[in-house]
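Asker: predicted model and sequence follow; I will ask about them next.
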Amino acid sequence: MITALYSDQVIAENAPMDRRLAALILSRGNRVGYITSGPDPQRAFFDEKRRYYMRYGLLLDPFVDLNALSGDEEISRLFSCNAIHLSGGDTGDFLRRLRQSGMLDKLRAWALDDGILVGTSAGAILMTPTIAVDALFSGASPDAVQDGAALNLLPFEFFPHLNDDPGYLSALRRYSETATTPILACRDGEGVILDNGLVEIFGAPLMISGGFTEVADRGRIADLLSRA
């Protein structure tokens, strides 16, 4: 399994991570499936992302709206792609759509079967055990989240857009005192690629656990992955 977790994506700071991800995908083919987090009737977000991937020689197709799945043929076409992109958006609504469409378990199984899964913001949060940290974006407490179980592909939680609010870090430290797994927090322009146990870090993400913060370390993340 290969996972790529972005805080944001369509910005110049992500070019080194983009190039590495593109090389990994192109070693298998050039098709990337796209699952939208919510309605995109004009496909404005999809078209932006399609142009973005085209710069790296990748074809973004098909576009999948979980509320309008046409049947087994569309699902089969999605899972025949060389990678799948999970878009940003409303994390809770995205999780609800995955559950209601029956795609949560299918997507998890596909990823574990040596798939390449790319997530931006909400899409990256969904790869982890729970979306609890998403509560901070609405001013709520992660501890209050009751039904946040997500894809559970990784042994840590993921928090994007750390740079958006100076209060996020202290809130994450408080939450980490009771959280069962560490939290990887990224500013826009930062991210990680995890390639079957190999860890590549872009920028200087933070690892938060037990109320303490440290710069994310490849060795520690690799150790977490090996014990998962």
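Answerer: Structure received. Numbers count the residues shown, from 1 in each chain.
Asker: A helix includes residue 61, no?
Answerer: No: read with DSSP: H, G, I helix; E, B strand; the rest coil, residue 61 is strand and lies in no helix.
Asker: for stretch 154-164, which outside residues touch it?
Answerer: Stretch 154-164 is contacted by residues 3, 5-8, 121, 124-125, 127-130, 132-133, 136-137, 168-169, 172, 179, 181-188, 194, 206-207, 221, 224-225, 227-228 when judged by Cβ atoms under 8 Å, 6 or more residues apart in numbering. To be clear about C-beta, it is placed using only N, CA and C from the backbone, and glycine gets the same treatment.
Asker: let's see it at 6 Å
Answerer: 5, 7, 121, 124-125, 127-128, 133, 168, 181-188, 224, 228 (Cβ atoms under 6 Å, 6 or more residues apart in numbering).
Asker: tell me which of the residues you listed fall in helices.
Answerer: Among these, the members found in helices (DSSP state H) are 124, 125, 168, 224.
Asker: so what touches the strand or helix carrying residue 200?
Answerer: Using DSSP states H and E, the element containing residue 200 is strand 198-202. Under the contact criterion Cβ under 6 Å, 6+ apart, strand 198-202 has outside partners 16, 17, 190, 191, 192, 193, 216, 218, 221, 222.
Asker: filter those residues to the buried ones?
Answerer: Buried by 16 or more other Cβ atoms under 10 Å: 17, 190, 191, 192, 193, 216, 221, out of the contacts of strand 198-202.
Asker: run the chain-centre distance for stretch 117-135.
Answerer: Its chain's C-alpha centre and that of stretch 117-135 lie 5 Å apart, by Cα atoms, centre = their mean, to the nearest Å.
Asker: tell me the mean pLDDT for that stretch?
Answerer: Stretch 117-135 shows a mean pLDDT of 97.
Asker: kindly export it (C-alpha atoms) in CSV.
Answerer: Taking Å, rounded to 0.1, in the frame of the first residue of the first chain, the C-alpha atoms of stretch 117-135 are listed here in CSV:
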residue,chain,number,x,y,z
LEU,A,117,-4.3,6.2,-2.3
VAL,A,118,-3.9,10.0,-2.4
GLY,A,119,-5.7,12.3,0.0
THR,A,120,-5.9,16.1,0.2
SER,A,121,-7.1,17.6,3.6
ALA,A,122,-10.4,15.7,4.2
GLY,A,123,-9.3,12.9,2.0
ALA,A,124,-6.1,12.5,4.0
ILE,A,125,-7.9,12.6,7.3
LEU,A,126,-10.1,9.7,6.1
MET,A,127,-7.1,7.4,5.7
THR,A,128,-6.6,7.4,9.5
PRO,A,129,-8.4,5.6,12.3
THR,A,130,-10.8,8.5,13.1
ILE,A,131,-11.8,11.9,11.8
ALA,A,132,-12.0,13.2,15.4
VAL,A,133,-9.4,16.0,14.8
ASP,A,134,-11.7,17.5,12.1
ALA,A,135,-13.9,18.8,14.9
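Asker: thinking again about what came up before, in strands, which of the buried ones among the contacts of strand 198-202 fall?
Answerer: Per DSSP state E, strands hold the following members of these: 191, 192, 193.
Asker: closest to residue 117 out of those?
Answerer: Relative to residue 117, the closest of these is residue 193; by Cβ to Cβ it sits at 10.8 Å.
Asker: which residues does the closest one contact?
Answerer: By Cβ under 6 Å, 6+ apart, the neighbours of residue 193 are 4, 20, 200.
Asker: the helix or strand just after the strand holding residue 200 pairs with which strands, parallel or anti?
Answerer: Using DSSP H and E, the helix or strand that follows strand 198-202 towards the C-terminus is strand 206-209. According to DSSP bridges, strand 206-209 has the following sheet partners: strand 183-185 (antiparallel), strand 212-215 (antiparallel).
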